[in-house]
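Asker: My questions are about this predicted structure, shown below with the sequence.
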Number of protein chains: 2
Amino acid sequence: MRIVSLAGGIGGARFLRGLKAAAPDARITVIGNTGDDITLFGLRVCPDLDTVMYTLGGGIDEDQGWGRAKESHAVKEELAAYGVEPQWFGLGDRDFATHIVRTQMLAAGYPLSAVTEALCDRWKPGVRLLPMSDERTETHVVIEDEQGRRAVHFQEWWVRLRASVPALSFALVGVENARPAPGVLDAIEEADLVVLPPSNPVVSIGTILQIPGIREAVSAKTVVGVSPIVGGAPVRGMADACLTAIGVQTSAQAVLELYGAGLIDGWLVAEQDTDVRLDGVRVEARPLIMHDVAAAADIARAAVALGGELA
Amino acid sequence: MRIVSLAGGIGGARFLRGLKAAAPDARITVIGNTGDDITLFGLRVCPDLDTVMYTLGGGIDEDQGWGRAKESHAVKEELAAYGVEPQWFGLGDRDFATHIVRTQMLAAGYPLSAVTEALCDRWKPGVRLLPMSDERTETHVVIEDEQGRRAVHFQEWWVRLRASVPALSFALVGVENARPAPGVLDAIEEADLVVLPPSNPVVSIGTILQIPGIREAVSAKTVVGVSPIVGGAPVRGMADACLTAIGVQTSAQAVLELYGAGLIDGWLVAEQDTDVRLDGVRVEARPLIMHDVAAAADIARAAVALGGELA
């Protein structure tokens, strides 16, 4: 069985760990969001790809959900001692090595997909991890604060401002020149099932779907989504701030409508969201909180089963 | 009083710490060797500049003489886990931050002299530290081993091979396009005294003197050198391997002749080397082992005093 999953960061990675457990024989291709990518200190950082890679490869900091386990912060402290900005993005020493390798390979001319494959040679995540695109795209956020109306990098809004300043809009800078990375469209076409994990529907899944050709390819397949909203609140993260910015309610119903019946065939919602419905979509309710790998596997198993019924 | 010192790495830095103590009111400009510089993992590393900066700024690992005190090695371990080469160059986490800042500034278009000044803003070494040139030059070494005759970067010969394979010759790649960094010739011209510390006469001081214009400018000044050879052996390091490669004996006499009476006015030798002489050069014998800062200061005081007599 071939499964494709689009994925953002922490939520996506934890779901994928469950999917691997639920479908151990499946060939899983993960198409990772790179709209969160940022160049810091001259180094290219791909937070979502790394979160997936570290989580599935056994290197993640389990408590915080991102970054490396047993991490130290000497480099960051030294950069701060030099007065170098930004100081609000928490890169650990072990994590720095990943960005150093990536940056060196990119500078040598390797596309991000080849770099990601090389990094995964070490981590062996058990899935094929592809960036959504080899072209550089970055989500920028228009905000308005005491400095006036301006666009900031997604990470500045998300990490530095903790999304405390309302987003007026999002723009995926560079999307007009972006193409799906090699292998992305083929993997979708060959897939028996496409799964959308409970990642952020706006700045993670929504960003991947903006890459020309991906939405069309996904729409042609059997697609099961897991609602990132449970009882009117995000399962984790700040998806509500993103949904509000684009005029969408923070509800399992509204996110389903955002994706649309043209994209989604099956939709898993939490047991308190049983009133969700949309023509052309099979909605099933079940526990959606990923307390641990077993809980994530249960959700993934339900998604795969629903996909099988719908195929 | 204005003093200019050319300097390599460990020996030069330790001498300079003594010079600062011996001449606390002097304005000292250090012209650092950049022929040892190397790009590792995409990051520009300037070992000699950093050794001077860390030593005079209080950040050096006192035992090994290079690198940062209280250093950790998470980044290096991770790079090795990714299988990235080279693994024979020992960069610590704190040190990595310096190279990250430098590389970012160089990529932004700042010349190495401006980058060095910015790094010294933090370290406050108490001297003005200038790279010999803003142009990139690198010492390469022709060796012959089981892989045949080939040129390797100086650091590969020095650090990886520990100079165990004989050097057939040295070449300062890029020297034809190199000019003294801004401020270098002015500092020499304005100096009351130029001091050559007991740095490597071939690949440190000799390299600096190869930058077009520097040897001529230094030759016009009162120059006192400190012999790096005591009783036929290097005070520290592997200067003998470098001297042998260029057909020069490992002796205080031979190094003096290598520099030449046209360059040197005063020459400090160890007490076992009292037979050293060269027409036009005042030779003085005294203890030359830099056991500690006080011993280095004694040597520097003697060099400054000799310079005063010769001026």
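Answerer: Received it, and whenever you're ready, just let me know what you need.
Asker: Please report the number of neighbouring residues for A:D121.
Answerer: The number of residues packed near A:D121 is 10, by other CB atoms under 10 Å in any protein chain shown. (Each C-beta comes from the backbone N, C-alpha and C, glycine too.)
Asker: can you pull the contacts of it?
Answerer: B:G83 (CB atoms under 8 Å, 6 or more residues apart in numbering or on different chains).
Asker: The nearest residue to A:D273 once chain neighbours are set aside: what's it in contact with?
Answerer: Nearest residue to A:D273, sequence neighbours excluded (CB to CB, 6 or more residues apart in numbering or on different chains): A:A252, at 4.3 Å. Residues in contact with A:A252 (CB under 8 Å, 6+ apart) are A:227, A:229-230, A:267, A:269-270, A:273, A:276.
Asker: By neighbours, which of those wins?
Answerer: Neighbour counts for those peak at A:W267, which has 28 neighbours (criterion: other CB under 10 Å).
Asker: Next one: it from chain B, what distance?
Answerer: According to CB to the nearest CB, to the nearest Å, A:W267 stands 40 Å off from chain B.
Asker: If that residue is in a bridge, with which residues?
Answerer: Counting by DSSP bridges, A:W267 is bridged to A:G225, A:V283.
Asker: buried ones in the lengthiest helix in chain A?
Answerer: Counting residues, the longest helix found in chain A (DSSP state H) is helix A:293-310. Using 16 or more other CB atoms under 10 Å in any protein chain shown as the test for burial, helix A:293-310 gives A:296-304, A:306-307.
Asker: give me every residue that touches the residue of the stretch 151-300 of chain A found nearest chain B.
Answerer: Taking CB to the nearest CB as the measure, the stretch 151-300 of chain A has A:H153 as its residue closest to chain B, at 16.6 Å. With contacts defined as CB under 8 Å, 6+ apart, A:H153 is in contact with A:38, A:138-141.
Asker: which of those tops the neighbour count?
Answerer: Most crowded among the contacts of A:H153, counting by other CB under 10 Å, is A:T139 at 28 neighbours.
Asker: quick one: which helix or strand includes that one?
Answerer: strand A:138-145 (DSSP states H and E).
Asker: Taking strand A:138-145 as reference, get the angle to the helix or strand that comes right after that strand.
Answerer: Remark: after strand A:138-145, the chain's next helix or strand is strand A:148-153, criterion DSSP H and E. Per axes from the mean of the first three to the mean of the last three CA atoms, to 10 degrees, the angle that strand A:148-153 makes with strand A:138-145 is 160 degrees.
Asker: next structured bit after the helix or strand of chain A with the lowest mean pLDDT?
Answerer: Every helix and strand of chain A was ranked by mean pLDDT, DSSP states H and E. The lowest is strand A:233-234, at a mean of 89. The first helix or strand that comes after strand A:233-234 along the chain, using DSSP H and E, is helix A:239-245.
Asker: Let me see the residues that make contact with that next one.
Answerer: A:141, A:163, A:166-170, A:200-203, A:228-229, A:233-234, A:249-250, A:254-255, A:258.
Asker: how far out from the middle of the chain is stretch A:160-178?
Answerer: The chain centroid and the centroid of stretch A:160-178 are separated by 15 Å under CA atoms, centre = their mean, to the nearest Å.
Asker: re the thing from before, show me what the longest helix of chain A is packed against.
Answerer: Applying 3 or more CB pairs under 8 Å, 6 or more residues apart in numbering or on different chains; DSSP states H and E, one finds that helix A:293-310 contacts helix A:10-22, strand A:193-196, strand A:223-226, strand A:266-269, strand A:282-285.
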